[in-house]
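Novice: coords please:
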Amino acid sequence: MFEALTNRLSSVFDGLTGRGALTEADVDAALREVRLALIEADVSLPVIKDFLAKVREKAIGADVLRSVTPGQQIVKIVHDALVEMLGAESEGLSLNVVPPAVIMMIGLQGSGKTTSTAKIALRLTNREKKKVLMASLDTRRPAAQEQLKVLGEQTGVATLPIIAGQAPADIARRALQAAKLSGYDVLMLDTAGRLHIDEALMAEIAQIRDLSTPAETLLVADSLSGQDAINVAKTFKERIGISGIVLTRIDGDGRGGAALSMRQVTGAPIKLLGTGEKIDALEDFHPRRIAGRILGQGDVVSLVEKAAETVDQEKAEALAKKMQKGQFDLDDLAEQLRQMRRMGGMQGIMGMLPGVAKAKDQLAAAGMDDKMLKRQEAIILSMTKQERRNPDVLNGSRRKRIAKGSGVDVSEVNKLMKMHRTMADVMKKMGKGKGLMSALFGGRTPPMPGGGGGLPGLGGGGLGGAGMQLPPGMKLPPGFGGKR
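Specialist: Below is the predicted model of the structure:
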């Protein structure tokens, strides 16, 4: 997410922060590069013009140009302007109405409405403990209603029974009645879409809006469509009215133009981000955290939140007890590799750590990516129970057999064993062993999977040492070190 923009802006700001005094001409030259970076990111031109005007006004002030660190001051000004552009504060779903609270999902066909409906329903069920009913009003797209039914079965969220031949408005009325009678907290209406906006679509959605009076009208937009998504958002805002935006396929969007433009163009906040195909791949939209990611400052808070959701508490505590005894076998390593993949993989984790954006690209170029994590897990799974629990028995002939069984060279097996040895030594020295994630955030720089060195640019001292502190009240899950 935002990789291209992050790389361009990083090179611009490296030039500023590496110098002493700055002139107005230096600032203007840097802002020209920022302008080109935003254009390449497909940000709306009026948004770019307004953004640069605000940044320049503050950046050429005497207090900035004459300060001891003018380059860093300008980076902060850009960060604050990005936060303002993105919406300043995170805005969640507003469901404080008499139940059932209706969430109406709108957008073009193919934007990801049905999948997003199921993702939000699952999120409300698991996080908010809401009783949710989903209903598909899409009678035009073949098997649209069946798709939502299948997603409901996969997630355990109730769906309205399908009655063939009913019009969308009639389905909405039936859904409202069913939700009221059965005591549902939330009713999600998945409306129909088109390949492009037309009058029939607008009239249908307006009719459903009027009879259901939704608490939230969420526009689902494909971030990969760039300027098209922005134009669609403007039209829906003017014709229907929207309370928030769900941006999908954000994980494949290296530019970020839609995300950076939506709030300014429509006035409606981005509330959720679809970050992948998995049914739980949904994130809250936090402007400050996103601005930090764009400027390569990381997003440790989101990483900790993701860890809290994905870390198996019992396994983490059991592993901690083993490490207190100096034990760390290959089964433990395999579990740590799975944990990294659940948290977004190596690239996902590094993208949220401050100061390692450049190292992330270097590691990817060297083949140290999520595929490598899977290969390493395959190597471990090709071992016997005895070999996983007692790695010292792995002689040459055993390593050849394991390499053949996992489809890799013996050198890959040797690298894995070297990594395990290094990690086991680190865990023993830590005194209170808390897993790979503890090494990642604790007072030591961990060895990288694949046998490489530590994470470049990541100092000791836990989250505080990385220049980040957790918000008051947030606790780290088992398996994490650092300050609380």
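Novice: For S111, the count of nearby residues, please.
Specialist: Burial measure for S111: 26 neighbouring residues, criterion other Cβ atoms under 10 Å. In short, each C-beta sits where N, CA and C put it, glycine included.
Novice: Could you look up the SS state of it?
Specialist: Using DSSP: H, G, I helix; E, B strand; the rest coil, the three-state assignment for S111 comes out as coil.
Novice: before we move on, what about L272?
Specialist: Assigned state for L272: strand (three-state reduction, three-state DSSP).
Novice: wait, what's in contact with the spatially closest residue to it that is not a sequence neighbour?
Specialist: The shortest distance from L272 to any residue other than its chain neighbours is 4.6 Å, reached at V246 (Cβ to Cβ, 6 or more residues apart in numbering). Taking Cβ atoms under 8 Å, 6 or more residues apart in numbering as the definition of contact, the neighbours of V246 are 105, 112, 116, 120, 218-221, 270-274.
Novice: In a markdown table, list those residues along with pLDDT and neighbour count.
Specialist: Formatted as a markdown table, the entries for the contacts of V246 read as follows, by pLDDT from 0 to 100; neighbours: other Cβ atoms under 10 Å:
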| residue | pLDDT | neighbour count |
| --- | --- | --- |
| M105 | 95 | 27 |
| G112 | 88 | 22 |
| S116 | 94 | 22 |
| I120 | 95 | 26 |
| L218 | 94 | 25 |
| L219 | 93 | 30 |
| V220 | 92 | 26 |
| A221 | 88 | 31 |
| I270 | 90 | 29 |
| K271 | 91 | 22 |
| L272 | 91 | 23 |
| L273 | 88 | 23 |
| G274 | 89 | 24 |
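Novice: Please report how far K54 lies from A403.
Specialist: As defined by Cβ to Cβ, to the nearest Å, K54 lies at a distance of 58 Å from A403.
Novice: actually E57, not the one I typed
Specialist: When Cβ to Cβ is applied, the distance between E57 and A403 equals 62 Å.
Novice: Please identify which of the two sits among more neighbours.
Specialist: Each of E57 and A403 has its neighbours counted (other Cβ under 10 Å); A403 has more, 18 against 11.
Novice: where's that one, which helix or strand?
Specialist: Element membership for A403 (DSSP states H and E) is helix 396-406.
Novice: buried ones in that helix?
Specialist: By 16 or more other Cβ atoms under 10 Å, the buried positions in helix 396-406 come out as 399, 401-403, 406.
Novice: Going by distance to Q227, which of those residues wins?
Specialist: Lowest distance from Q227 to the buried residues of helix 396-406 (Cβ to Cβ) belongs to S406, with 45.9 Å.
Novice: just checking, that closest one touches K374?
Specialist: No - the pair S406 / K374 is not scored as a contact, 10.3 Å apart, by Cβ atoms under 8 Å.
Novice: Ends of stretch 279-295, what's the gap?
Specialist: 29 Å (Cα to Cα, to the nearest Å).
Novice: buried sites along that stretch?
Specialist: Of the residues in stretch 279-295, 281-295 count as buried by neighbour count, 16+ other Cβ under 10 Å.
Novice: repeat for stretch 81-91
Specialist: Neighbour-count burial for stretch 81-91 [16+ other Cβ under 10 Å]: 81-87, 90-91.
Novice: which ones are touching the residue lying farthest from the centre of the chain?
Specialist: For the chain, the C-alpha lying farthest from the average C-alpha position belongs to S397; by Cα atoms, centre = their mean, that distance is 43.1 Å. Neighbouring residues of S397 by Cβ under 8 Å, 6+ apart: there are none.
Novice: Where does the prediction get shaky in the chain?
Specialist: 1-3, 17-21, 62-71, 252-255, 296-313, 316, 319-320, 323-326, 342-370, 427-484 (pLDDT under 70).
Novice: how does it look with 50?
Specialist: 432-484 (pLDDT under 50).
Novice: Enumerate the strands of it by residue range, in sequence order.
Specialist: 101-106, 132-136, 158-159, 186-190, 216-222, 244-248, 270-274, 282-284 (DSSP state E).
Novice: List the strands paired with the last one, with their directions.
Specialist: Looking at strand 282-284 with DSSP bridges, its partner strands are strand 270-274 (antiparallel).
Novice: Then the shortest one?
Specialist: The sheet places strand 158-159 alongside strand 132-136 (parallel), with pairing taken from DSSP bridges.
Novice: Centre of the chain to the strand it pairs with, how far?
Specialist: Averaged C-alpha coordinates place strand 132-136 at 25 Å from its chain's average position (Cα atoms, centre = their mean, to the nearest Å).
Novice: Okay, angle between it and strand 186-190 too, please.
Specialist: Counting by axes from the mean of the first three to the mean of the last three Cα atoms, to 10 degrees, strand 132-136 lies at 20 degrees to strand 186-190.
Novice: what does strand 132-136 contact?
Specialist: Outside of strand 132-136, the residues that reach it under the criterion Cβ under 8 Å, 6+ apart are 100, 114, 117-118, 121, 124-125, 144-145, 147-149, 151-152, 157-160, 162, 171-172, 174-175, 178-179, 182, 184-190.
Novice: Send over that strand as CSV, restricted to the C-alpha atoms.
Specialist: The C-alpha coordinates for strand 132-136 follow below in CSV (Å, rounded to 0.1, in the frame of the first residue of the first chain):
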residue,chain,number,x,y,z
VAL,A,132,-26.3,-9.3,12.4
LEU,A,133,-28.6,-10.2,9.5
MET,A,134,-27.4,-9.9,5.8
ALA,A,135,-29.8,-9.5,2.9
SER,A,136,-28.9,-9.3,-0.8
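Novice: residues touching S212, list them.
Specialist: The contact partners of S212, taken as Cβ under 8 Å, 6+ apart, are 102, 104, 172, 176, 187, 189.
Novice: okay, now the third one: neighbour count?
Specialist: The number of residues packed near A172 is 24, by other Cβ under 10 Å.
Novice: how about the nearest residue to A144, chain neighbours excluded?
Specialist: A144 sits nearest to D138 (Cβ to Cβ, 6+ apart), 3.7 Å away.
Novice: Quick check, that neighbour in contact with E146.
Specialist: No - judged on Cβ under 8 Å, D138 makes no contact with E146 at a distance of 10.4 Å.
Novice: circling back to that earlier point, which one of the contacts of S212 sits closest to D332?
Specialist: Compare each of the contacts of S212 with D332 using Cβ to Cβ and the shortest gap goes to L187, at 45.2 Å.
Novice: separation between the closest one and E91?
Specialist: Look at L187 and E91: by Cβ to Cβ, they are 21 Å apart.
Novice: what's the answer for V75, then?
Specialist: In terms of Cβ to Cβ, V75 sits 26 Å off from E91.
Novice: And V265, by the same measure?
Specialist: Using Cβ to Cβ, V265 is found at 17 Å from E91.
Novice: Next: V150.
Specialist: Using Cβ to Cβ, one obtains 31 Å as the distance from V150 to E91.
Novice: before we move on, what about H196?
Specialist: H196 sits at a distance of 29 Å from E91 (criterion: Cβ to Cβ).
Novice: for G407, same thing?
Specialist: Using Cβ to Cβ, we find G407 at a distance of 48 Å from E91.
Novice: Same check on I106?
Specialist: Using Cβ to Cβ, one obtains 18 Å as the distance from I106 to E91.
Novice: Bridged to the spatially closest residue to F285 that is not a sequence neighbour, which residues?
Specialist: The shortest distance from F285 to any residue that is not its chain neighbour, by Cβ to Cβ, 6+ apart, is 4.4 Å, and that residue is I270. When bridges are assigned using DSSP bridges, the partners listed for I270 are I245.
Novice: contacting residues around I270?
Specialist: When contacts are counted by Cβ under 8 Å, 6+ apart, I270 touches 86-87, 244-247, 259, 262-263, 285.
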